Each structure stands twice: as C-alpha cells, then as structure tokens.
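**Student:** Task: produce atomic coordinates for the following.
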Amino acid sequence: MDPAWRSPETSSSPCDLPPDRLGRLVLLLHGMLLHPVYLRPLEWYLRRRGHRTLNLGYPSTRHPIEEHAVRIARRLAEEEERSPIGRLDLVTHSMGGLVARRLLTHERHPPPGRLVQIVPPNRGSAVARVWRTRALYRAVYGSSAGWQLGESPEEIDRICGVPEEIEWGIVMGDAPPTIRPWLPEPNDGVVSHSEMRMPGAATTRVGMGHTPSLFFPETWRQVSSFLERGRFISPEEDPE
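**Tutor:** Next comes the predicted model:
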C-alpha cells in the first residue's frame, strides 16, 4: 500500500467504548495540502469522549476527488474486516468534505450516521476559480482535485453527489475582512459562508480562520456535540 494512504494507529479499543458507541466509527478526512496530523488534536478530543476514530491520510493534490473516494472506501473495507462498523460518522476539513460526499453517494460504505464538515467548499471555491489557470496554483495544488475546486456549484454536485440519508452539520469559520476583501462576506479567509452552506444542513460559526479552526477548542466542542446529539451547541448552552 502507498505510504500516503496509511493511517496511524488511532482506533480506540472496543472495551474502552461506552455501550452506545460500540460499532460506531468516526472517519476523519483532512483538506487540500494537509496531513492527518492537522486533525490529531480534534481526534484526541473525540477519543477522550469515547469515540472510535480512523484518521486517514490521502495524497490530496495527486488525484481527483473520485479517486480519493475509491481509495478511502477500500481502506474502510479493510478496517471493517478487523472490527465491524455498525455506523459510520464523518468529520472533515475543507476539501475532505467533498471527498466524503463522493464516498457517501458513489462508493460502498457502512451505514451512515452523521457528517460534520469544517469549512467545506461545498459550492466550489471562488479562490480556486480565480487562480486555477495560473502556473503557480497548478504547481502547488495540482491539476486534479485542485482544478475541481474551481468548478461551478452544479458541477461540484455532479462530481460529489449530495448525501440524503445522513444528519449533516457544517462548522463555518470567520476571518477579518482584510484577509480576502474580494470574497463575499462573511468568509473564513479562503471560503465564503455562501460556498459552505448546503440545503438541509445545520450550521454554526466559530471565530477562527480556515485552517486555524482545526485547533480551536470551540470547534472540537461543536463537532462532538453534533456527533453525539445531532445538533450544535447554542449560545445559551453550557458547552461542557
């Protein structure tokens, strides 16, 4: 197996899980140019709360979204051979949310539970549309998935599909207007909120930018709340 597809040993032992979590797996998928280590703090938080996790890496710039989904489906099948997966929850960052959509709508997978996307470009990315024809963009982001990020919302939906039988939540980040002044407001400095939203998906906002949101404890609390209760923490609630 290509080392880029290997995952660190991150799954919790079944004997450590509360009864209501037995058989459930939380799949974590990072975004473009990142690595599973960026999701490690969030993963540790979820594991402390009793979740069994699988934090997968994939070569984000080297293949299209469709190929990423195929390979992740194969990795899930390998995981299920070791320990049955009765329900699959997913937590994603940025482009990982598009890979998750493709996985859920086009590939074989365990029964779906809940999907939490952190700052996803669900409607594509205006930044990618502006820059994807430039040589520097292609050198950094590649011409496969990096090019697909600049597609129209309709083409994104065609490529990735729109999951229907799943509870869906979206964590949106915030950045100062000076970061990307030409992006529609509000935005996280990379993706606008209008590009993140999907019909029927619950949303919440955290006060951090596109990648820093991964390291923000409020993001972790909101993700775990949605995984465990199917809803985000409201301003009136005690987060703990």
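**Student:** CA only for contacts and neighbour counts going forward, please
**Tutor:** Noted.
**Student:** Make sure I have this right: residue 91 is in a strand.
**Tutor:** Yes - under DSSP: H, G, I helix; E, B strand; the rest coil, residue 91 falls within a strand.
**Student:** That one and residue 120 touch, don't they?
**Tutor:** No - with contact defined as CA atoms under 8 Å, residue 91 does not reach residue 120; the gap is 10.8 Å.
**Student:** Need the residues touching each of these two.
**Tutor:** residue 97 (CA atoms under 8 Å, 6 or more residues apart in numbering).
**Student:** Could you measure from the residue nearest to the spatial centre of the chain over to residue 83?
**Tutor:** Closest residue to the average C-alpha location of the chain: residue 92 at 1.3 Å, with CA atoms, centre = their mean. Per CA to CA, to the nearest Å, residue 92 is found 22 Å from residue 83.
**Student:** swap in residue 216?
**Tutor:** 31 Å.
**Student:** Which other helices and strands does the lengthiest helix in the chain contact?
**Tutor:** Scanning the chain for the longest helix, with DSSP state H as the assignment, gives helix 65-82. Packed against helix 65-82 by the contact rule (3 or more CA pairs under 8 Å, 6 or more residues apart in numbering; DSSP states H and E) you find helix 96-106, helix 153-160.
**Student:** so which of these is the most packed in?
**Tutor:** Across those, averaging neighbours per residue (mean count of other CA atoms under 10 Å) puts helix 96-106 on top, at a mean of 25.
**Student:** what's that helix packed up against?
**Tutor:** strand 24-29, helix 65-82, strand 87-93, strand 112-118, helix 153-160.
**Student:** Next, the angle helix 65-82 makes with the shortest one.
**Tutor:** Pointing back at strand 24-29 there. With axes from the mean of the first three to the mean of the last three CA atoms, to 10 degrees defining the directions, strand 24-29 sits at 150 degrees from helix 65-82.
**Student:** Can you tell me which helices and strands strand 24-29 packs against?
**Tutor:** strand 53-56, strand 87-93, helix 96-106.
**Student:** ditto for the last one
**Tutor:** Packed against helix 153-160 by the contact rule (3+ CA pairs under 8 Å, 6+ apart) you find helix 65-82, helix 96-106.
**Student:** and of those helices, who's closest to residue 174?
**Tutor:** Comparing those by their distance to residue 174 (CA to CA), the top pick is helix 96-106, with 18.0 Å.
**Student:** would you put the C-alpha positions of that closest one in CSV?
**Tutor:** Taking Å, rounded to 0.1, in the frame of the first residue of the first chain, the C-alpha atoms of helix 96-106 are listed here in CSV:
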residue,chain,number,x,y,z
GLY,A,96,-12.2,16.5,2.7
GLY,A,97,-15.9,17.3,2.9
LEU,A,98,-16.2,16.9,-0.9
VAL,A,99,-14.4,13.6,-0.7
ALA,A,100,-16.8,12.5,2.0
ARG,A,101,-19.8,13.5,-0.2
ARG,A,102,-18.4,11.4,-3.1
LEU,A,103,-17.8,8.5,-0.7
LEU,A,104,-21.3,8.6,0.7
THR,A,105,-23.0,8.9,-2.7
HIS,A,106,-20.9,6.8,-5.0
